[in-house]
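Undergrad: Dropping the sequence and predicted coords here.
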Amino acid sequence: MTPWSKRLLIVAMLLWTAFTAGAGWYALRGNSTPAVAGPPPADAVKDAPLRTATTVVRALPEQATAQDSAIVTPETTAGALSASARGLRAAPAHAQNAGASSSIASVDPEGPRARANEARATAKGTIVLDPGHGRGDPGAVHYLPDGSGRWDMTEADSNLRNAELIRDDLQALGYVVYLTRNGEGQGPGGPLPLQFITSDLYARVGLANAVDADVYLAIHGNGATVKSISGPETWYCGRHEEAIANEKLAHAVQQAMMDALHEYGYSPPDRGVKEDAQSHHSGDFCQFVVTRETPVPAALLEFLFLSNDDDAPVLLDDRAHVLMAQHVAAALDAFMEERRG
């Protein structure tokens, strides 16, 4: 590039810089006194369609509880008509302003996370219950013994019922309890692809990490091609930093199951406690994702065999589920008491 071309380029750049700076100064000077939006006239508010926060409020469930029925006072709404004046549902205390309007905000200055932490602080501990299968995977299935191919129970549904009852008993004892799912299982069909099942298992473990759980219990039924096999068994991973606690938890849960079944009036074989890697002859590698990957004490309960015609009727009787839940919840409580001590 010749010397005069360089000088011309430098001059052009300086002129462009001066032009953009001047345009910016002019724009700022022209908007230096923005208009302040005051409250709209009363008639305008009365006749105007609801376009901002009141629209959001109207979409809230009609069954909102009293705890969730707090609304910002008129003094904080800059003259806007309050939702209650129009007969609308008040904004819940935990609602977060998503940008629809500045007239609705949470009246809880600490937010829902603070309330959750406060609940955890006063609770005896946090327990995750994992009702196995579901989400399209029925697990084991009990087929009617008449050879018709009809079925009356899936493992996924039985697992969920048991987990819900254990949750209720644990909450009554003062624990914070999470379930890994709340949907029922579908009936027997084609098996889910392995990658779907595996990713679901890791998601369940992820919940235990997310809520900082103290204990994790997976709840399953069992199935076998040999229909005479029956009875409960409990699994744990001994190749784990919580190996000793895992074994104690497994023994407590297994004993609780046997006590519940005896109280119910049923005496199946006690299949005992099984260490995952040893039972599967896999060296130092545990096969069950949910007990291997969970960083807290964990066990996997297989309460009875849906493939056994003596075990299955027990799982169809809600009285048995109630007793099993009571005993398992008491066992978890005792385990947690020992951990705290």
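TA: Sure, I can see it.
Undergrad: Which parts of this protein are strands?
TA: 126-131, 141-143, 151-154, 176-179, 215-222, 233-236, 273-275, 298-305 (DSSP state E).
Undergrad: Now tabulate the ones you listed in TSV and tack on mean pLDDT, mean neighbour count and distance to Leu207.
TA: C-betas here are computed from N, CA, C, even on glycine. Listed next are the strands of the chain as TSV, based on pLDDT from 0 to 100; neighbours: other Cβ atoms under 10 Å; distance: least, Cβ to Cβ, whole Å:
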stretch	mean pLDDT	mean neighbour count	distance to Leu207
strand 126-131	97	26	6
strand 141-143	92	20	26
strand 151-154	92	17	22
strand 176-179	97	19	6
strand 215-222	97	27	9
strand 233-236	98	25	19
strand 273-275	98	18	24
strand 298-305	97	27	12
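Undergrad: Just put the ones you listed in CSV and tack on distance to Ala245.
TA: Converted to CSV, the strands of the chain look like this (distance: least, Cβ to Cβ, whole Å):
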stretch, distance to Ala245
strand 126-131, 14
strand 141-143, 34
strand 151-154, 32
strand 176-179, 19
strand 215-222, 9
strand 233-236, 9
strand 273-275, 13
strand 298-305, 9
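Undergrad: who touches the residue lying closest to Val215 once chain neighbours are set aside in this structure?
TA: Spatial nearest neighbour of Val215, excluding adjacent residues (Cβ to Cβ, 6 or more residues apart in numbering): Ile127 at 4.9 Å. Neighbour list for Ile127: Leu170, Tyr175, Val176, Val177, Tyr178, Ala213, Asp214, Val215, Tyr216, Leu217, Leu332, Met336 [criterion: Cβ atoms under 8 Å, 6 or more residues apart in numbering].
Undergrad: show me the residues around Thr294 that make contact.
TA: Val205, Ala208, Ala213, Tyr216.
Undergrad: mind redoing it with 10 Å?
TA: By Cβ atoms under 10 Å, 6 or more residues apart in numbering, Thr294 lies in contact with 128, 130, 204-209, 213, 215-218, 237, 240, 242, 246, 288.
Undergrad: Phi, psi for it please.
TA: phi -80, psi 130 (degrees, to the nearest 10).
Undergrad: Also Ser307?
TA: Phi and psi for Ser307, reported as degrees, to the nearest 10, are phi -80, psi -10.
Undergrad: hang on, the earlier thing: ok, so of the contacts of Ile127, who is nearest Asp157?
TA: Leu217 (18.1 Å; Cβ to Cβ).
Undergrad: That closest one reaches Val328, doesn't it?
TA: Yes - between Leu217 and Val328 there is a contact at 7.6 Å, judged by Cβ atoms under 10 Å.
Undergrad: Which residues does the residue nearest to Val215 form beta bridges with?
TA: Beta bridges link Ile127 to Val177, Val215 when assigned by DSSP bridges.
Undergrad: and the gap between it and Ser279?
TA: The gap separating Ile127 from Ser279 is 25 Å, by Cβ to Cβ, to the nearest Å.
Undergrad: before we move on, what about Ala334?
TA: Noted for Ala334: a distance of 25 Å to Ser279, by Cβ to Cβ.
Undergrad: try Asn209
TA: Using Cβ to Cβ, we find Asn209 at a distance of 26 Å from Ser279.
Undergrad: any idea which helix or strand of this protein has the worst average confidence?
TA: One helix or strand of the chain scores below all others by mean pLDDT, DSSP states H and E: helix 53-58, with a mean of 30.
Undergrad: and Gly283, how many neighbours does it have?
TA: 9 (other Cβ atoms under 10 Å).
Undergrad: residue contacts, it?
TA: By Cβ under 10 Å, 6+ apart, the contact list for Gly283 reads Arg239, Ala277.
Undergrad: Then the one 5 residues further on?
TA: Counting by Cβ under 10 Å, 6+ apart, Phe288 touches 201, 218, 220, 235-237, 276-277, 280, 294, 298-300.
Undergrad: now with 8 Å?
TA: Ala218, Trp235, Cys237, Asp276, Leu300.
Undergrad: next one: Arg150
TA: Tyr143, Leu144 are the contacts of Arg150 under Cβ under 8 Å, 6+ apart.
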